[in-house]
Every structure is written in C-alpha cells, then in structure tokens.
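Asker: Following is a predicted model, sequence given first.
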2 protein chains.
Amino acid sequence: MPKPSDHGDVTMKIHSVLAAIAATLLAAAAVPSRAAAPASKSAPTMQQVLDASRPSDWRPLNPDDTLYMDLPEGRVVIELASAYAPLHAENIRTLAHQHYWDALAILRVQDGFVTQWGDPAAEAEHPAHPPRSLGKAKSTIVAEFERNVAPGVPFTRLPDGDVYAPEVGFSNGFPVARDSKTGKTWLVHCYGMVGAGRDNTPDSGPGTELYAVIGQAPRQLDRNIALIGRVVQGMQYLSDLPRGNGPMGFYKNPAHQTKILRVRLASELPPAERMHLEVLRTDTPTFTALVESRRNRSDAWYLYKVGKIDICNVPLPVRETP
Amino acid sequence: MPKPSDHGDVTMKIHSVLAAIAATLLAAAAVPSRAAAPASKSAPTMQQVLDASRPSDWRPLNPDDTLYMDLPEGRVVIELASAYAPLHAENIRTLAHQHYWDALAILRVQDGFVTQWGDPAAEAEHPAHPPRSLGKAKSTIVAEFERNVAPGVPFTRLPDGDVYAPEVGFSNGFPVARDSKTGKTWLVHCYGMVGAGRDNTPDSGPGTELYAVIGQAPRQLDRNIALIGRVVQGMQYLSDLPRGNGPMGFYKNPAHQTKILRVRLASELPPAERMHLEVLRTDTPTFTALVESRRNRSDAWYLYKVGKIDICNVPLPVRETP
C-alpha cells in the first residue's frame, strides 16, 4: 500500500498512514530515523537525501547561540542569528544569564500570526507590581532590521522567486532576502522565526519581549522589526496554545497566560545537561538536493509537480547528533 | 500613545496594546467593531476601509454552502466552494444530512501543516469496529483539482505575482490561481482552506475525511487534491489543538483525538438557529482598497512599506450581519 515517503506533508486518508506505521515505524521527528521506500525510481525523496547526507553536511548548534525555553508542556529550542542581529543576540544572552524570563509568561497568541512572551508587568499602564529589572541588559537597541551584504555572510540563492524581495535564499541555516541595489540583506519572517517585539520607535525592541511566527509568513514585518533567530525544536509548544481573547491575541485575563518555567543559554549549563542538536548546512549540494526534492515531489501521492518552492516552504532539518 | 489601527498584526510590546484596550475597546473579532484613529492622514487602514464599506460590499453566506462543525471548545464555520468542487460539495452535503461526522474525531494535527478529521475506523487495517456507513454518499468522486475558466466564474486578479502560479486572485471570496495557457483555474492552499483528504488515486477523496491548513500555505498541494471550501470562523479551534505524536501528526493513541460533537449544514437548521454571517465581496472597489491597505500599511508602527502582498496574506473579512 502506498505510503508517505518523506516529511509526510501530504493529506492522505488514515489507512495509508496506519499501514505506514505498521510497515516502517517511521519516526515523527522532524527527521524520521528510517528511510521509507522510494515512490519512484527517479528523483530522491527528502528522506533519501537526508539518509545519504554526510556528517559534514550538518553543523552543530553553538551553545552560545542556543536558548532553551522550558514551558509546562515541553522545551522550545531557539537558535540565535548572531550574524544578523548581533546586538540583540548579545542583549538576549545577558537577559538569559540573569534568568530574566524565568516565571514570566506567554502574553499573546494571535491565530495565524504570532506567539509572544515577556513580562506581563513591563510597561503596563497600571501594573500590579513593578516590571522585572533588566539588570545589565539594555532597554533600547539600535534597529537591526537589515545588514550589509559582506563576504563573510554566506548566501545560497533560491532561484524560485519571491513576491516580497528581489532575491531570497539561505544564510547559515536561516531564510534571508537581499537586494543588490541597496547592498542589504535581512532575515525573513517564515514560520518558526523569532523576533524582538517593539513599539513605534525603531530602537524600542531590546529583546525582552520575543515573538515566534505561528501562521502564514507575515512578510510585511520584514525590515520593520529585528528577527533574532528561529525555533529549531519544540515549535508545537508555541503553536498549540490557546489563542488570546483580547485585541491582537493578548490574553485579557492574565490567568490564561502560559507560565515560562525558565530560559537558559545552552552554554550556561554543564555540558552533560546540554542537548546535542545539529542543523543541516544550507551551503552544500545535499541542501540543494533537499530543496529540489521538495520543489518536485517524487512521492507517488503527488500527481502534479509544481516545479517551484517558496522560501518559507523549504524545510530546515534539525537532528540529534548521531 | 500609538496603537494598532487595524487587524493588529504588528508585534508591539504590551503597553501599547493595553492603551489600545483602554482607549478604544477594540473588538478582538476578525472585524473590529470600531474604528481606531488613523495613524496617518494618507492611505486608509484596513479598519477604515471596512468602516466605510456599504452593505452591498458584503455577501451573506448561503445556508446550503455553510457547515457548522461543533467541537468541544467551539464552533468552526466552513463555507463550501461549490463553484470549484460541486461534486464534493454535494457529497459533503449528503454526509452532513446523514450526520456522518457526529461523534467522529480530529485524527491528525501536524504542526505547521494541517488538522484533519473523519472516521477513525474508516479503512484502518484492523479497526475495533466497522467504519461508519456512507449511506447515500459516494465513496469515490472524480478529481476536482481544477476547473475551466468560464464567464460565470468571477476573478479579481492580484497584481503582486506569485511563486507557484502564473496568475492569482480571488473568486467569490476564495483565493484562486489560473493559467491562461491551459484555461484552468483552481483554489489555492492558503491558511484556513479546507480540502478532501485522498489516497494515491485521484478519485479517492470523497470528502469523508477533511483537512484545514494550519500553517504556511502548502502550495505544493495545489492541483493535487480537491479543496472544498474555507474556514470563515472558528479557525482557532482547529489550530490550537495538541499536535499528533504519530507519523504525519496522526494521534498514536485514539484517546488523544478530539471528538467532533456534530456537523450540520446551516440549511438543515430552523432559521432561528442559523448564524447570520456575511463575507466581504472580492469583486468590489472596497476589496481593492482593502488589499491596498495591507500591501502598504499606513499604521504608524510600520516604518517600511513593502509594496507587495502574497495571496495568502490577504484577509478575507467575515462579520455578523449588522
């Protein structure tokens, strides 16, 4: 019986899936641990591309760029994009070292848009108690909405085009856009990207209040706000939360907010307590083959191959270090 | 203090939002009931466009094309796209009349992809009990993945371009694409769109098992499967469910499935029990102005106007009939 042969984002009816479970014990993780049978002899599926990858196709997460946010239901792992928002990343490290977010809360879940977290008392008009001190962290940071294209910043171009930007592609595992006319490049708002909420002034988002994209890529935010990284594991703990019932998805009743247990920088923890995750490098032939396997699906389920892929539909695989 | 002036998909920090609540009592519904102050004197915000709309800019939902799916947490309202998938819509009406989905379940929630529902026993290899009878409904339906462009099918072109299709736009409130070379047009997989799960053969999706898009538009599914409508209200009851822990987001343990209380066609119910919802027409100058208000935001929060919009980022407003 035919079965899904890679990430499984087809909409099969259940019997095929049950057959798949029985036949292959496919893992539910972002990168299933076993290959499924090829659906055709032609192009490889994404799973086949991943199975054929070499250790050098993967890059371990840098513990200084890795945040663990523990929520009641599970852990969210965020990789900071230090090359694109270095000042924000540094301020976020400072906040994490101070355990700034411990016992703070998810403040906002707006359906199809973002989940946002921070200090409920921060800047409220009539807070019940004073907001948490920022300690040594900065309360304003100059806008890091885009940066200069430079030799040290890798760029793997995606040739499929884009509605919003002249060029899009990948840089060290992050989805980015660039404009050769201005010489600027910037991170783009795909599902799972994390940014620093701000008020109307460009420097008002120091990273104390962060958001993750949980819906259709809100690309209108590109270059309007600093993206600071992306969720590499545990996205579901941010996306399955009850939607806020107030304006913009904020919770009217603070009792509905989800508590943050703690946020730690991986490098703060003893090595034995760190997770060992690695992400697929985006500057390799393996990644190019992975994109092609998603642009033109070879699974038997697909009757029509569209031949194109949007930057925000390209998977960025993560796995535990073998 | 500046505040969000329309749907509010900006990522402001909380104090501005609390000010907005206090100052304007903005409603949290898809269409806030009051106008917020304009952020600039130039282009109108989406809220201002909606406030200036006339009754003729709106189209009431046809009770024969409207499904109410009641879940434990609330009601999901789906509009059937009878012009694009007439055979599927008819089969779904037949199934609804027979109360086919009552006490069936949400079978699958795959993060960033789809929520899918139907009969847990249907087509399972070793079901605990026989699947529910389809009664007078068909078990196979010819593929309705695209249809011919025809004079009776409205099309409001979106001039912003698209990665996946030669042309995109709107047809009677639904996002669509078309190809003048083939003379075909089809519904596209935006957030909230609903389709009929199928197996590997094109006719194997009769509408018994349906799915809704809960993540980044999976446009690779376009023309590979029949979209049959869209969620016009209650999307959060499909998107905030716990993600399934099995392959492709299916629940390994049936006890984790969410029960469907009932599904009814609005026209089945006595008029007093029907909801009175209307959707903004997509073939009017008001809709064109709404798209422009989202393409170039005039809210003070936006520092950079991108000047483009993706088809799946265009809101399709719904309101209770005034």
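Answerer: Here it is on my side, so go on.
Asker: so what's A:Asn105 up against?
Answerer: Check again: residue A:105 is Ala, not Asn. A:Ala105 makes contact with A:Trp117, A:Gly118, A:Pro120, A:Pro254, A:Gln257, A:Thr258, A:Lys259, A:Ile260, according to Cβ atoms under 8 Å, 6 or more residues apart in numbering or on different chains. For the C-beta atoms, the positions are set from N, CA and C on the backbone; glycine is no exception.
Asker: Would you mind trimming those residues to those in range of chain B?
Answerer: A:Gly118, A:Pro120 (Cβ under 8 Å from any Cβ of the partner chain).
Asker: which among the contacts of A:Ala105 end up buried?
Answerer: Among the contacts of A:Ala105, the ones that count as buried by 16 or more other Cβ atoms under 10 Å in any protein chain shown are A:Trp117, A:Gly118, A:Pro120, A:Gln257, A:Thr258, A:Ile260.
Asker: Please determine how far A:Pro247 is located from A:Asp111.
Answerer: 13 Å (Cβ to Cβ, to the nearest Å).
Asker: In strands only, show me the contacts of A:Ala105.
Answerer: Among the contacts of A:Ala105, the members found in strands (DSSP state E) are A:Trp117, A:Gly118, A:Thr258, A:Lys259.
Asker: And the first one, how far from B:Leu303?
Answerer: Pointing back at A:Trp117 there. 23 Å.
Asker: is it possible to export the contacts of A:Ala105 to CSV including pLDDT and distance to A:Arg295?
Answerer: As requested, those are exported to CSV (pLDDT from 0 to 100; distance: Cβ to Cβ, whole Å):
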residue, pLDDT, distance to A:Arg295
A:Trp117, 98, 35
A:Gly118, 97, 38
A:Pro120, 94, 44
A:Pro254, 90, 45
A:Gln257, 95, 40
A:Thr258, 97, 37
A:Lys259, 97, 41
A:Ile260, 98, 38
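Asker: show me where the stretch 151-300 of chain A has helices.
Answerer: Taking DSSP state H, counting those that start in this stretch, the helices of the stretch 151-300 of chain A run over residues A:236-239, A:285-295.
Asker: do the longest one and chain B meet?
Answerer: Pointing back at helix A:285-295 there. Yes - Helix A:285-295 comes into contact with chain B (Cβ under 8 Å from any Cβ), by way of A:Arg294.
Asker: Compare neighbour counts for A:Pro247 and A:Asp111 and give me the winner.
Answerer: A:Pro247 (25 against 21; other Cβ atoms under 10 Å in any protein chain shown).
Asker: Just the local confidence number for that one, please.
Answerer: Looking at A:Pro247, its pLDDT stands at 93.
Asker: same question, the one 5 residues further on
Answerer: The confidence metric pLDDT takes the value 90 at A:Lys252.
Asker: Leaving out chain neighbours, which residue sits closest to it?
Answerer: Spatial nearest neighbour of A:Lys252, excluding adjacent residues (Cβ to Cβ, 6 or more residues apart in numbering or on different chains): A:Gly246 at 4.1 Å.
Asker: Next, give phi and psi for that neighbour.
Answerer: phi -100, psi -180 (degrees, to the nearest 10).
Asker: possible to save the helices of the stretch 151-300 of chain A as CSV with mean neighbour count?
Answerer: Shown next, in CSV, are the helices of the stretch 151-300 of chain A (neighbours: other Cβ atoms under 10 Å in any protein chain shown):
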stretch, mean neighbour count
helix A:236-239, 24
helix A:285-295, 19
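Asker: Just put those helices in a markdown table and tack on distance to B:Pro72.
Answerer: Below are the helices of the stretch 151-300 of chain A laid out as a markdown table (distance: least, Cβ to Cβ, whole Å):
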| stretch | distance to B:Pro72 |
| --- | --- |
| helix A:236-239 | 19 |
| helix A:285-295 | 35 |
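Asker: how about CSV for the ones you listed, with mean pLDDT added?
Answerer: Formatted as CSV, the helices of the stretch 151-300 of chain A follow (pLDDT from 0 to 100):
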stretch, mean pLDDT
helix A:236-239, 98
helix A:285-295, 98
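Asker: For A:Ser56, which of the ones you listed is the nearest?
Answerer: Among those, the nearest to A:Ser56 by Cβ to Cβ is helix A:285-295 (9.2 Å).
Asker: ok now the helix or strand following that closest one, how far from the chain's centre?
Answerer: Reading on from helix A:285-295 to the C-terminus, the next helix or strand found by DSSP states H and E is strand A:318-320. Offset of strand A:318-320 from its chain centre (Cα atoms, centre = their mean, to the nearest Å): 14 Å.
Asker: Equivalent analysis for stretch A:107-122, please.
Answerer: Centroid separation between stretch A:107-122 and its chain, computed with Cα atoms, centre = their mean, is 16 Å.
Asker: Below-threshold pLDDT in the stretch 201-322 of chain A: ranges please.
Answerer: Within the stretch 201-322 of chain A, not a single segment meets pLDDT under 70.
Asker: residue contacts, the spatially closest residue to A:Phe145 that is not a sequence neighbour?
Answerer: Using Cβ to Cβ, 6+ apart and skipping the chain neighbours, the partner closest in space to A:Phe145 is A:Arg223 (4.9 Å). Neighbouring residues of A:Arg223 by Cβ under 8 Å, 6+ apart: A:Phe145, A:Glu146, A:Trp186, B:Tyr304, B:Val306.
Asker: 7 Å instead?
Answerer: A:Phe145, A:Glu146, A:Trp186, B:Tyr304 (Cβ atoms under 7 Å, 6 or more residues apart in numbering or on different chains).
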